[in-house]
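J.: take this sequence and fold it.
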Amino acid sequence: MRVEHRSPHADLDYMVRAPLSFQSPEGDDVVIREWSLQGLKWPEDAPDRPEHGYLAVPFQGVDVRFPVQLEPAPDTREVFFKDLTGRQREVLALFYRALLSGRMVASGDVITALDTPVDLVPVEETEAEAEAKIGNRKKITEVIRTLVHVVIYVALFLGVMTTIGTNAFNAVNRISVQYGRVVAPVSALSALRPGVVGAVTVTAGSTVSAGDVLAVVEDPDLMARLHTARIDYAATRDQLDKTERALSRLEKLRGVKDEVLRLVEVGLVYEAHFGPRGFDVLRNRWQDLRLSDPETAAARDPLAVTERLLNARLTELKTELRQKRSARDGLKARIKAAEVIAPYDGVVQAVLVQSGQYILSGQPVVEMEDDAPRHVVGWVDAKYAEDLYPGMPAFVGVNTSGEARQVTGHISDVRAGDIPNRPGEFGIEVTVQIEGFSNADLRQQLRVGAPVNILADRQMLAGPRGWLSSLWARISGGGTDV
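T.: Purely as a prediction, here's the structure:
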């Protein structure tokens, strides 16, 4: 074998002239006459150079073939081997060294280089095998698709049947209560006497306690009489105080030894309470008796007489003062009774009058809601009389701020009553108390008169339903109605 060494390219030095076979992806066989461990020279008469193909090295009548990728060298017909594996480089180097040394390659060396005891010619997948593989994949895909469809249809079936079954069960288990509405314990507080509204001390929404004054109603006649009574009482009180001070003054005059000075002071006290006349006569008589009957004269001492008269006057004034106090307090009580007073704790719903307005006896002044839970009321046909009872569970559907929701409660009262919008017809009035809300929450979320849906629960299959509810609560971490 003739071996030539050329160096047209640094990476392709030491090319050997030994025929190799290259098969392109299109099936064209190209004989490669010059090659090295780094690459090969593409023949000029060969088809266009592909990017990859199979390189075959002749060995003892068979070809050792392996795939290669080609990368062209710039401005020449040489190409590089790209991304050769270690096994491929080892096989190629084995034949390269044999060509350079002129020795024949042993079969054991080839097998060792390939590192596998299989045929030296690679075996490709046949068209039948490829079609069979594709067919198996299609079958698996069809099976998976069928299973998915079955699961979807079963889920839809169960969902539809559950919905139908739930609706059917609820239709039997629950009683629909008609004309449901929110009711609050609201009462109108009316005026007890006619008069003018003097002041309104509350506004709508005010929270009040029992005994608070909500409005003051004034009777002009009573107010005038009270004014007069107060003046009379004050005048009598003043006279009584003056009388008490005069008696205290007389008590001090008893110790005055100067008779003339004592008589002058007693005379001033007498004239202040009983007038300017009479004291002179009293004094003259006393002085006469002192000459004729000294013992009798001691009892007619002007100081003692004046003191007795003042004590009698004091007793009269005290009686008069009690009478005038009673009259004054009676008028005050009558005026106080005209005030509108909160009879219990609650919330003012509406103020129906204004200050300065004249109102009649019995005219509503304030609407007030008791501090008790709001509830809902509805009506059903009399045929359910034996099915409804106080304490029976119920569901109330409400709409708060545009959000529909259902809350739980219980029937607190069942009684016969007129059915709204059906004059002359009687049914059963059902009162439901909502659970789980404070009075403030109920006032905020349930508007008085708002329509609601009421469903009374017969509690059919209560045991299984409770078990299912607890099971669902454990699974979902919450709770729901079954």
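J.: okay, now the unreliable bits of the stretch 101-250 of the chain?
T.: 102-131, 166-171 (pLDDT under 70).
J.: residue boundaries of the strands in it?
T.: Ranges of strands within the stretch 101-250 of the chain are 174-183, 186-190, 195-200, 207-208, 213-218, based on DSSP state E, counting those that start in this stretch.
J.: ok, the stretch 301-450 of the chain next?
T.: Going by DSSP E, counting those that start in this stretch, the stretch 301-450 of the chain shows strands at 340-341, 346-351, 358-359, 364-370, 375-380, 393-400, 403-418, 426-434.
J.: adding distance to A297 and mean neighbour count, write the strands of the stretch 101-250 of the chain out as TSV.
T.: C-beta coordinates here come from the backbone N, C-alpha and C atoms, glycine included. As requested, the strands of the stretch 101-250 of the chain are exported to TSV (distance: least, CB to CB, whole Å; neighbours: other CB atoms under 10 Å):
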stretch	distance to A297	mean neighbour count
strand 174-183	89	18
strand 186-190	72	15
strand 195-200	63	17
strand 207-208	73	16
strand 213-218	61	20
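J.: I'd like these as a markdown table, with distance to V398 appended.
T.: As requested, the strands of the stretch 101-250 of the chain are exported to a markdown table (distance: least, CB to CB, whole Å):
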| stretch | distance to V398 |
| --- | --- |
| strand 174-183 | 8 |
| strand 186-190 | 19 |
| strand 195-200 | 33 |
| strand 207-208 | 24 |
| strand 213-218 | 31 |
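J.: this protein - how does it break down into domains?
T.: Split into domains by automatic domain parsing, the chain comes to 10-114, 173-182+372-476, 186-218+339-368, 221-330.
J.: and F157, which of the ones you listed is closest to it?
T.: domain 173-182+372-476 (20.0 Å; CB to CB).
J.: roughly how far out does that closest one sit from the chain middle?
T.: 21 Å (CA atoms, centre = their mean, to the nearest Å).
J.: look up how far G205 lies from the most centrally placed residue in the chain.
T.: Nearest to the mean C-alpha position of the chain, counting by CA atoms, centre = their mean, stands D441 at 10.0 Å. To G205, D441 is 16 Å away according to CB to CB, to the nearest Å.
J.: so which of the strands of the stretch 301-450 of the chain is nearest F80?
T.: strand 403-418 (73.8 Å).
J.: and the contacts of the closest one?
T.: With CB atoms under 8 Å, 6 or more residues apart in numbering as the test, strand 403-418 has contacts from 375-376, 379, 382, 388-399, 425-437, 456, 481.
J.: I'd like to know which of those are buried.
T.: Buried subset of the contacts of strand 403-418 (neighbour count, 16 or more other CB atoms under 10 Å): 375-376, 379, 388, 392-396, 398, 427-434, 437, 456.
J.: any regions of the stretch 301-450 of the chain where pLDDT drops low?
T.: In the predicted model, the stretch 301-450 of the chain carries pLDDT under 70 at residues 421.
J.: in the chain, which spans are helices?
T.: For the chain, the helices defined by DSSP state H cover 86-101, 107-114, 127-173, 220-253, 259-274, 279-292, 294-299, 302-337, 439-445, 462-476.
J.: let's have the ones you listed in CSV, adding distance to V30.
T.: Converted to CSV, the helices of the chain look like this (distance: least, CB to CB, whole Å):
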stretch, distance to V30
helix 86-101, 17
helix 107-114, 23
helix 127-173, 25
helix 220-253, 130
helix 259-274, 158
helix 279-292, 168
helix 294-299, 173
helix 302-337, 126
helix 439-445, 89
helix 462-476, 70
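J.: residue furthest from the geometric center of this structure?
T.: S292 (105.5 Å).
J.: could you report the separation of the closest residue in space to V186 that isn't next to it in sequence from S187?
T.: Spatial nearest neighbour of V186, chain neighbours left out: E369 (4.7 Å); criterion: CB to CB, 6 or more residues apart in numbering. Distance from E369 to S187, counting by CB to CB: 8 Å.
J.: burial count for the nearest residue to I428 once chain neighbours are set aside?
T.: Nearest non-adjacent residue to I428, counting by CB to CB, 6+ apart: V380, 5.1 Å away. Each residue near V380 was counted by other CB atoms under 10 Å, and the total is 22.
J.: residues in contact with V380?
T.: Contacts of V380 by CB under 8 Å, 6+ apart are 175-178, 388, 427-428, 430, 456.
J.: quick check: which of the domains of the chain is nearest to K138?
T.: Of all those, domain 10-114 comes closest under CB to CB, at 27.0 Å.
J.: next one: that closest one to chain centre, how far?
T.: Worked out by CA atoms, centre = their mean, domain 10-114 lies 80 Å from the chain centre.
J.: returning to what we had before: got TSV for the domains of the chain, with distance to L158 too?
T.: Formatted as TSV, the domains of the chain follow (distance: least, CB to CB, whole Å):
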stretch	distance to L158
domain 10-114	55
domain 173-182+372-476	15
domain 186-218+339-368	49
domain 221-330	80
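J.: for V148, find the nearest of those domains.
T.: Once the domains of the chain are compared by CB to CB, domain 173-182+372-476 is nearest, at 24.5 Å.
J.: quick revisit: the residue nearest to I428 and L250, how far apart?
T.: Distance from V380 to L250, by CB to CB: 89 Å.
J.: got it, and V256?
T.: Taking CB to CB, one finds V256 at 11 Å from L250.
J.: tell me which of the two has more neighbours.
T.: L250 (20 against 15).
J.: quick check: that one touching E307?
T.: Yes - counting by CB atoms under 8 Å, E307 is a contact partner of L250 at 5.1 Å.
J.: Q433 and P373 touch, don't they?
T.: Yes - taking CB under 8 Å as the definition, Q433 is a contact partner of P373 at 6.4 Å.
J.: what's the closest of the domains of the chain to N136?
T.: domain 10-114 (26.2 Å).
J.: what's near enough to touch S21?
T.: Neighbouring residues of S21 by CB under 8 Å, 6+ apart: 29-32, 55-56, 58, 63.
J.: swap the cut-off to 7 Å and go again
T.: 29, 31, 56, 63 (CB atoms under 7 Å, 6 or more residues apart in numbering).
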